[in-house]
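S.K.: Sequence plus the predicted model coming up.
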Amino acid sequence: MYQRIWSWMIYLFGLTMQALWNCDYSDRVTAGSLNKTQYSGKWYFIMIAADSESSLLKFGAVDSAIFLLTPMQDKGKLLLRGEFRLSDAPNCLPRQWTYHISNKTEEMILEGRPEQKTEIFVKDGNDYIMLLELQDEGMETFKRLMLYGRSPSLTDEMRRELEHRAYCLDLTAQLVLKQALPPCEIY
């Protein structure tokens, strides 16, 4: 009898938590409908959640990062340039990626890595975006959720939002960039 009562209590607790921690989101933007002009410009990389601590290893040395998103002449492409400041290096580390966008796919596809898909979520009046990178085949597999903002500061509300979404996506490892050094410049 006690076992049956205990089972019901656990069941009710699970229902309550599911109701409180709703994991349905309506803020996803399909790649083909992304307003390239609205989301162009500077973005600061603020926080990341991943499926494992090992997926975060390459981000641990990053103090801060700034990105510049620009549409390319080919309407189906976006150029993302980044400048990374490492915690133990005086110089910035530049990187660049080209994303393919199409009305035929919901995700952005990274040039040269067709197995990697990137989903887009718009947050807080377009001042924040979240990118969910997924790669479930190839030499490296991962799932990571990254938060970018128009400014380098992280609000408590956005931190909770990323933590909640990470919980829903079963992303157990999290990292907030230190931002102890001034961010790099990008033009």
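M.R.: Structure received.
S.K.: before we move on, which element is the residue positioned nearest the centre of the chain in?
M.R.: The chain has Met146 as the residue nearest its centroid, 2.0 Å off, counting by Cα atoms, centre = their mean. Assigned by DSSP states H and E, Met146 belongs to strand 142-149.
S.K.: neighbouring strands for that strand, and are they parallel or not?
M.R.: When pairing is defined by DSSP bridges, strand 142-149 lines up against strand 41-50 (antiparallel), strand 128-135 (antiparallel).
S.K.: rewinding a little: could you report the separation of the residue nearest to the centre of the chain from Gln73?
M.R.: According to Cβ to Cβ, to the nearest Å, Met146 stands 27 Å off from Gln73. C-betas here are computed from N, CA, C, even on glycine.
S.K.: do the same with Leu132
M.R.: 28 Å.
S.K.: next one: Gln96
M.R.: Applying Cβ to Cβ, the value for Gln96 to Gln73 is 16 Å.
S.K.: With neighbour numbers in mind, choose between those two.
M.R.: Gln96 (10 against 5; other Cβ atoms under 10 Å).
S.K.: could you say what helices and strands the helix or strand where that one lies packs with?
M.R.: If you go by DSSP H and E, Gln96 is part of strand 92-100. Using 3 or more Cβ pairs under 8 Å, 6 or more residues apart in numbering; DSSP states H and E, the elements in contact with strand 92-100 are strand 77-86, strand 108-110.
S.K.: looking at those strands, which is buried most?
M.R.: strand 108-110 (a mean of 21; mean count of other Cβ atoms under 10 Å).
S.K.: Neighbouring strands - and their directions - for that strand?
M.R.: Paired neighbours of strand 108-110 in the sheet (DSSP bridges): strand 92-100 (antiparallel), strand 113-123 (antiparallel).
S.K.: what's in contact with the shortest one?
M.R.: Among residues not part of strand 92-100, those counted as contacts by Cβ atoms under 8 Å, 6 or more residues apart in numbering are 31, 72, 76-86, 108-111, 118, 184-185.
S.K.: Could you do the longest one as well?
M.R.: Contacts made with strand 113-123 from outside it, assessed by Cβ under 8 Å, 6+ apart, are listed as 25, 27-31, 34, 99, 106-110, 128-138, 158, 161, 165.
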